[in-house]
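1. Fold the following and give me the result.
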Amino acid sequence: MVSQEQRRRQLAREKFLRQQQRRTSARRKTRMRNSVIASVLGVIVIGSVTLYMTGALKNDGKANASSETTPSASASPSKAPDPCEKAAAGSVKKMSWKKEPAMTIDTSAKYTMTLSTTCGDIGIALKTSAAPHTVNSFDFLASKGYFDHSKCHRLTTNGIYVLQCGDPTGTGSGGPGYTIPDENLKDKSLTGGVYPAGTVAMANTGQKHTGGSQFFLVYQDSQLPASYTPFGTVDAAGMKILKKIAAAGENTGQGDGAPNATVVINKVTVAKS
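-> Numbering: from 1, shown residues only. Next up is the predicted model:
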């Protein structure tokens, strides 16, 4: 026979089991509800991501298409208008000399150089006494028409900011057949490893005394070692022209290439002032 104490314990045990069953059932329902909610949210998120990615790929596709160069005119990217005019009639003369020309300028006088280009006239005050070999060479080459109808073949827009000219071949490897010595490398304007905006300096091969006819015009302060003969300063009007050329960019999109603007030197004139 079951005692009252045993009966009490049995009822308590049954009550506990019923409570456990209810709790288990409640937890199961909660898990099912959360699972459904998570599934719905997952569908929403996946759908949203899909829409976003689809849109992004479309934009990428448009960007890629605009940067590709194809034979189709309809697929060609739109370009900003060329800020420069048509070049003067004529062609580059092929000239070369075996040695540096004899000194003919007055090294104590002031000289100016004018680059008459398709983008406008760039006036340059020359540093005659500080760079006599360089100025004398430019006076000689200009008098021979060496630079006439040549393109400025290089524009840099990243790191250093220069327009490079002076190579009639337009390849970056041309020259007059002779080299001139480096000069004026301790110019007071070259402070802190910077060639300031407006500087005109000689290009070279990276070795000493290898300047020829190529030169560069700095349109924005540029970090460069003092290895390139600074021999002139661009005037205010010329700086505006350089800025216009630079704003048109270069053709690689990498910051170093041929200028998009058609920069052709119609004529170079050196004059004693």
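
2. Skipping its backbone neighbours, what lies nearest V200 in space?
-> Once flanking residues are discounted, V200 sits nearest to G232: 3.7 Å by Cβ to Cβ, 6 or more residues apart in numbering. Using the backbone N, CA and C atoms, a C-beta is placed for each residue, glycine as well.

3. which helices and strands sit right next to the helix or strand where that neighbour lies?
-> Under the criterion of DSSP states H and E, G232 resides in strand 230-234. Other helices and strands packing on strand 230-234, by 3 or more Cβ pairs under 8 Å, 6 or more residues apart in numbering; DSSP states H and E, are strand 120-126, helix 132-143, strand 199-202.

4. Correct me if wrong: the residue nearest to V200 contacts S189.
-> No - using Cβ atoms under 8 Å, G232 is not in contact with S189; the gap is 11.0 Å.

5. Mind checking which of those two has more residues around it?
-> Between G232 and S189, G232 has the larger neighbour count (other Cβ atoms under 10 Å), namely 25 against 13.

6. partner residues bridging the more buried one?
-> Beta-bridge pairing for G232 (DSSP bridges): L126, V200.

7. do you know how far it is from L155?
-> 19 Å (Cβ to Cβ, to the nearest Å).

8. Quick one: neighbours of N184, just the number.
-> Counted with other Cβ under 10 Å, N184 comes out at 22.

9. In this structure F140 contacts P101, no?
-> Yes - counting by Cβ under 8 Å, P101 is a contact partner of F140 at 4.1 Å.

10. Can you show me the helices along the protein?
-> For the chain, applying DSSP state H gives helices covering 4-67, 132-143, 236-247.

11. Show me what the lengthiest strand in the chain is in contact with.
-> Longest strand of the chain, by residue count under DSSP state E: strand 264-272. Identification of contacts with strand 264-272 by Cβ atoms under 8 Å, 6 or more residues apart in numbering yields 84, 87-88, 90, 105-106, 109-118, 126, 135, 138-139, 141-143, 145-152, 165.

12. Only alpha carbons, please: show that strand as CSV.
-> C-alpha atoms of strand 264-272 as CSV (Å, rounded to 0.1, in the frame of the first residue of the first chain):
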residue,chain,number,x,y,z
VAL,A,264,53.6,71.1,-80.9
ILE,A,265,56.5,73.6,-80.9
ASN,A,266,56.0,75.6,-84.1
LYS,A,267,59.2,77.6,-83.5
VAL,A,268,61.7,78.4,-80.8
THR,A,269,63.3,81.9,-80.6
VAL,A,270,66.2,82.9,-78.4
ALA,A,271,66.8,86.6,-78.1
LYS,A,272,69.2,88.9,-76.3
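
13. Partner strands of it, with direction?
-> When DSSP bridges is applied, strand 264-272 pairs with strand 111-117 (antiparallel), strand 150-151 (antiparallel).

14. can you give me how far the longest one is from the chain middle?
-> Once both centres are worked out by Cα atoms, centre = their mean, to the nearest Å, strand 111-117 turns out to sit 27 Å from its chain's centre.

15. for stretch 215-223, same thing?
-> 13 Å.

16. what's the answer for stretch 230-246, then?
-> 18 Å.

17. Go through it and flag the buried ones.
-> Within stretch 230-246, the residues scored as buried using 16 or more other Cβ atoms under 10 Å are 230-235, 238-239, 241-242, 244-246.

18. From what I see, A87 and H149 are in contact.
-> Yes - here A87 reaches H149: they are 6.7 Å apart, a contact under Cβ under 8 Å.
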